[in-house]
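>>> Kindly return the folded structure for what I paste below:
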Amino acid sequence: MKSSLLQVFASLKLILIAFWKETPVYVIGALRSAVSTIEVWLYDTKHASYGIAVTRIIFACAALGILLTNFSTRHYTYGSAAAWSGHLETQYGIYNDIAIFQIFQNLAVNDVLVTVYFLVTMLLAVGLLVGYRGRIVLPVFLLFWINLIEAPYFGGDQGDSALRISLILMLFTDHSGRLSFDAKRRAKVTEKPQPIVVKLYFGNRVLPAQLTNLLHNLAIVALACQISIIYVSGALFKAGGAPWKDGSAIYGPLSMMRYSPWPEINDLITVSAVVVAIGSIGSVVLQVIFPGALLFRWTRIPILFAMVSFHLGIAVLMGLPWFSLSMIAIDAIFVRDVTWLRLIGWFKRAASGRPAAGETATKHVEESIDEREKALV
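Numbering: from 1, shown residues only. Next up is the predicted model:
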């Protein structure tokens, strides 16, 4: 019996010695592999190049929608007729101490200048939409946009905040590298020695490729973190409220005339306690699991469909289309470039009624992207 115990202890001793010697080697190897994978992902190429282009397009549409729907009441909301709100005397926004963001505040009393300001901002939004001189247009549009949106105390919502933060992050991305006039122009430009000003004007690369890739990919990560924080923090805030716990939360806003552009449709939903409960509790669950569901393809696709449907529901049922578009725009970065290419090819074939020109080239690009993603997994 004693000899058997000694043999057991001897075996355990050998196992512990082997574990102590070999574990650090495996841990260090795993860490090196992880660091190498992260470096390759950050420096090798720009990711979500089509996704960020779609984000740019949707953001521009949301901005145009806000400007167009407020154009007829621009003087009442932003101009001289808004004196009753007090914002012409004192700006209540978070940028009231920064001179560059006081441009609109200084001309708001002049209705002609307000109209010109609106039209220029719309023109910049169109330039952003089509991707024309994106590296110049986006910073200028962002300056005009913050000046305008932050002026009235009562004129904004959380969709404006998400849009503003995302546009700032997009300054570091190659947002006009796809689906834009910039992309077509870059394809025709040869790599010749040129002054930096000329390169910036024509949209050519000025900084080293690895640095631009790093900035682009870090901005994509920051956008992903931003939307995840918005969803999770919103879900946790809701979970603390009694209406969300008992499943009756969405009944209130859907029953208010202010958030009911089509009351008949809302009545079809609020008449069913089961549908109200599913909508209330389900929205909390979707938001809180969103970051984790993105990690795997078999969960990422359903969660993206669910969140887009969730925001479309808000747009239609509550009359908040521009907020919903801002949220959907950020979700676009989670769709793979391969998927966007296939969608573009499908639209081309559907529009022409025949295989789109360059379909073979598109297929090669899809295959190369697939191979690259498989190598990084």
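>>> From residue 118, how far out is residue 292?
In this structure, residue 292 and residue 118 are separated by 42 Å, where distance is defined by CB to CB, to the nearest Å. From N, CA and C alone the C-beta is placed, and that goes for glycine too.
>>> correct me, but residue 101 touches residue 145?
No. Between residue 101 and residue 145 there is no contact under CB atoms under 8 Å: 10.4 Å.
>>> The two: who's more crowded?
residue 145 (23 against 18; other CB atoms under 10 Å).
>>> can you pull the contacts of the more buried one?
Residues in contact with residue 145, defined by CB atoms under 8 Å, 6 or more residues apart in numbering, are 63, 121, 163, 164, 167.
>>> So which residues of the chain form strands?
Shown for the chain, no strands are assigned by DSSP state E.
>>> quick one on the thing from earlier: ranking the contacts of residue 145 by neighbours, who comes first?
Within those, most neighbours by other CB under 10 Å means residue 63, with 28 neighbours.
>>> Could you pull up the residues touching that residue?
Here residue 63 is in contact with 121, 125, 128, 141, 145, 163 (criterion: CB under 8 Å, 6+ apart).
>>> just the contacts of residue 145 now: which is nearest residue 213?
Each of those was checked against residue 213 using CB to CB; the closest is residue 167, at 20.7 Å.
>>> Surely residue 168 and residue 142 touch.
Yes. Under the criterion of CB under 8 Å, residue 168 lies in contact with residue 142, with a separation of 6.8 Å.
>>> Comparing those two, which shows the higher neighbour count?
For residue 168 and residue 142, the more surrounded residue by other CB under 10 Å is residue 142, and the numbers stand at 18 against 15.
>>> how far away is the residue nearest to residue 121 when sequence neighbours are not counted from residue 54?
In space, and not counting its chain neighbours, residue 121 is closest to residue 144: 4.6 Å by CB to CB, 6 or more residues apart in numbering. When distances are taken as CB to CB, residue 144 and residue 54 turn out to be 23 Å apart.
>>> Likewise for residue 215?
With CB to CB as the criterion, residue 215 and residue 54 are 20 Å apart.
>>> Neighbour count: these two, which is higher?
For residue 215 and residue 54, the more surrounded residue by other CB under 10 Å is residue 54, and the numbers stand at 21 against 17.
>>> I'd guessed that one sits against residue 339; true?
No. Under the criterion of CB under 8 Å, residue 54 makes no contact with residue 339, lying 10.6 Å away.
>>> circling back: give me the more crowded residue out of residue 292 and residue 118.
With neighbours defined as other CB under 10 Å, residue 292 and residue 118 compare such that residue 118 has more, 19 against 12.
>>> quick one: that one and residue 75 touch, right?
No. Contact status for residue 118 versus residue 75: not in contact, 10.1 Å apart, counting by CB under 8 Å.
>>> Residue 217: what's it in contact with?
41, 42, 46, 47.
>>> residue boundaries of the helices in the stretch 1-150 of the chain?
Per DSSP state H, counting those that start in this stretch, the stretch 1-150 of the chain has helices spanning 2-43, 49-71, 74-77, 103-107, 111-130, 134-149. These are given in chain order.
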